[in-house]
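Colleague: Test case, fold it:
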Amino acid sequence: MCGNEGHSHSPTGMSRGATGVRVMSMNRMQTIAQHVVGSAEVRRSAAGFIGYGDTKRGDRVLLAVPRITDGEVIETVIGAMHDRGAKVDLMVLDDEPDRDFRPLDEIEMMMRREPYWVNLRRGDRAPWIEELAAARNYDLLIHGSAGPVPKSAGRYEAFPWTTKEHFLGEANLFPRELHRIINEHTWSRITENIGGRLSLTDPEGTDLTMSIQEKPFHDGRHDYGLNPKWGHLMAHPPTPVEPDDDTTGVIAGTMSHYGRAFPRIEIEVQRSKVVRISGGGQYGQGWRDLDEESANIQYPCFPAPGLFWLWELAIGTNPKIRRPSNIDRLSSDGFEWERRRGGVIHCGFGTRWRSAEEDWAGDQGLLYGHLHVHLLFPTLTVETADGRVIPVIEHGRLSAYDDPEVRDVAARYGDPDELLHDDWVPAIPGISTTGSLTEYQADPGRFIYPVASR
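Modeller: Predicted coordinates for the structure are as follows:
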């Protein structure tokens, strides 16, 4: 963004090349690969929770990645697998070449009108790859970067790194034990106060409240319950949206997962349903067109017609995530990568990824998918039934970082102040740096992208 981003420094072994892209040494690449390949397998796609540690001599591994993935990352991971005595077969799925992001990329990458496997969304998992892995009895399938890892019978892990910068960041070395207790302490602030209320604000204009409902924690819905979904804590339960859901207010921001940053968009929500979409430039207009197209469709996961209902308020938990330096390019994975940073919230409106409702819509040729707005400096609090106010996130920082038990675990690995420090804080004029927030929100790309990409 504009100027120097707050609280930023170069991780050990990282330097800037002539292009300005952060690069690291091959020795560090091998170190990270050995760490990931040796870490426990927990079926998560969040950086810091990815590992292939059950791999042993004689195992057969199928690695399937999109063509845009950096070849050095692929080869270094395969080399670490070879060091453990495994054999790795590589499949490269076709993908468009690297390019600058365009304003409607989020819509084009996230929304569909046919079965998902006909035209995979970015980061999704190909069913024919899964079928091949099962039919050929591979010991481990590594495939996909987004959404939940399917609960298949065999071992199945994610591969979210498109660039060396993704792979070599400190986020992948963040101590797993510490990362888990951060998730547990953040999540318990919500689960221990069922029946209370959540309040969400952000200086870009978000102001939202909702009740903490009990039913969703106990009815077996996908990746949700009393245990945290590591790296992706859901402040609002996933679909189906309950008829008595009282989530009401406004969500506002200037970025989504995969498209270019856009002029400020404002989404008004009443009882979890989107009732107004204002601003947003081309992204906002494209969203309004989709809202009109789906207005009279009764999706099985929603209590009334229409596609755009709020169900995803997902909290990132890794303090060492950074915005990629090639953020203007498709290979960076855009703002999707940075939403993993601790305290950042991404808001999702529409159907849940790879869900029964998406199968239903795809089979009928109906619009489905979900769109995002990111909150980079959110404040999330719980008001308990007895009137206490408990902070979950304060101005984009996880409150759990200050819990004594969390700091005690951090001390086992080093300096708690350093480990529990967000290495990257976005520079937004009027919020974290000097300047005008109004000017930023009118044209955020001017403050984010290199001159050549504006």
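Colleague: Nearest spatial neighbour of the residue lying farthest from the centre of the chain, chain-adjacent residues omitted?
Modeller: For the chain, the residue at maximal distance from the C-alpha centroid (C-alpha atoms, centre = their mean) is residue 58, at 33.9 Å. Using C-beta to C-beta, 6 or more residues apart in numbering and skipping the chain neighbours, the partner closest in space to residue 58 is residue 85 (6.3 Å). All C-beta atoms are positioned from the backbone trio N, CA, C, and that covers glycine.
Colleague: I'd guess that neighbour is in a helix, am I close?
Modeller: No: counting by DSSP: H, G, I helix; E, B strand; the rest coil, residue 85 is located in no helix; its state is coil.
Colleague: which residues touch it?
Modeller: Listed by C-beta atoms under 8 Å, 6 or more residues apart in numbering, the contact partners of residue 85 are 56-59.
Colleague: out of the residues you listed, which are buried?
Modeller: residue 59 (16 or more other C-beta atoms under 10 Å).
Colleague: Which of the contacts of residue 85 fall within strands?
Modeller: Using DSSP state E, no member of the contacts of residue 85 sits in strands.
Colleague: quick one on the thing from earlier: show the pLDDT at the residue nearest to residue 58.
Modeller: For residue 85, the pLDDT comes out at 98.
Colleague: just the one 10 residues further on next, same as before
Modeller: In the predicted model, residue 95 carries a pLDDT score of 88.
Colleague: before we move on, what about residue 452?
Modeller: As predicted, residue 452 sits at a pLDDT of 60.
Colleague: the helices in the stretch 351-454 of the chain, which residues?
Modeller: 356-364, 404-411, 416-419, 437-442, 445-448 (DSSP state H, counting those that start in this stretch).
Colleague: what does the fourth one rub up against?
Modeller: Where contact means C-beta under 8 Å, 6+ apart, the residues beyond helix 437-442 that reach it are 2, 203-204, 254, 263-264, 428-431, 447.
Colleague: do that again at 10 Å, thanks
Modeller: Applying C-beta atoms under 10 Å, 6 or more residues apart in numbering, the external contacts of helix 437-442 come out as 1-2, 203-205, 252-254, 261-265, 279, 281, 427-431, 433, 436, 446-448.
Colleague: just the second one next, same as before
Modeller: Contacts of helix 404-411 from elsewhere in the structure, counted by C-beta under 10 Å, 6+ apart, are 175, 177-182, 184-186, 398-401, 403, 416-420.
Colleague: Which of these fall in strands?
Modeller: residue 398.
Colleague: would you list every one of the helices in this structure?
Modeller: Assigned by DSSP state H, the helices in the chain fall at 26-38, 71-83, 105-110, 127-135, 164-167, 176-191, 281-293, 335-338, 356-364, 404-411, 416-419, 437-442, 445-448.
Colleague: So which of the ones you listed is nearest residue 45?
Modeller: With C-beta to C-beta, the closest approach to residue 45 among the helices of the chain belongs to helix 335-338: 11.0 Å.
Colleague: returning to what we had before: which residues sit in contact with the residue farthest from the centre of the chain?
Modeller: By C-beta under 10 Å, 6+ apart, the contact set of residue 58 is 84-87, 139.
Colleague: Now the phi/psi pair for it, please.
Modeller: Per-residue torsions, residue 58: phi 90, psi -10 (degrees, to the nearest 10).
Colleague: Please report how far it lies from residue 139.
Modeller: Plainly put, residue 58 is 8 Å away from residue 139 if you go by C-beta to C-beta, to the nearest Å.
Colleague: Now for those two: what residues contact both?
Modeller: The contact lists of residue 58 and residue 139 share 86-87, where a contact means C-beta under 10 Å, 6+ apart.
Colleague: And the contacts of residue 58, which of them are buried?
Modeller: Going by neighbour count (16+ other C-beta under 10 Å), these have 84, 86, 139 buried.
Colleague: for the residue lying closest to the last one once chain neighbours are set aside, what are its contacts?
Modeller: Using C-beta to C-beta, 6+ apart and skipping residues adjacent in sequence, the residue nearest residue 139 is residue 59, 4.1 Å away. When the contact criterion is C-beta under 10 Å, 6+ apart, the partners of residue 59 are 52, 81, 84-88, 138-140, 155.
Colleague: Now with 8 Å, please.
Modeller: Contacts for residue 59 (C-beta under 8 Å, 6+ apart) come out as 84-87, 139-140.
Colleague: Over to residue 81?
Modeller: Going by C-beta under 8 Å, 6+ apart, residue 81 touches 37, 52, 55, 61, 88.
Colleague: The last one contacts residue 76, doesn't it?
Modeller: No: Residue 88 sits out of contact with residue 76 when judged by C-beta atoms under 8 Å, with a separation of 11.7 Å.
Colleague: Would you mind telling me which of those two has the busier surroundings?
Modeller: residue 76 (24 against 20; other C-beta atoms under 10 Å).
Colleague: looking at it, the more buried one is touching residue 27, isn't it?
Modeller: No: using C-beta under 8 Å, residue 76 is not in contact with residue 27; the gap is 10.6 Å.
Colleague: coming back round to it: want to try JSON lines for the helices of the chain, with distance to residue 120 as columns?
Modeller: Putting the helices of the chain into JSON lines (distance: least, C-beta to C-beta, whole Å) gives the following:
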{"stretch": "helix 26-38", "distance to residue 120": "24"}
{"stretch": "helix 71-83", "distance to residue 120": "19"}
{"stretch": "helix 105-110", "distance to residue 120": "10"}
{"stretch": "helix 127-135", "distance to residue 120": "9"}
{"stretch": "helix 164-167", "distance to residue 120": "20"}
{"stretch": "helix 176-191", "distance to residue 120": "29"}
{"stretch": "helix 281-293", "distance to residue 120": "19"}
{"stretch": "helix 335-338", "distance to residue 120": "15"}
{"stretch": "helix 356-364", "distance to residue 120": "12"}
{"stretch": "helix 404-411", "distance to residue 120": "38"}
{"stretch": "helix 416-419", "distance to residue 120": "37"}
{"stretch": "helix 437-442", "distance to residue 120": "33"}
{"stretch": "helix 445-448", "distance to residue 120": "28"}
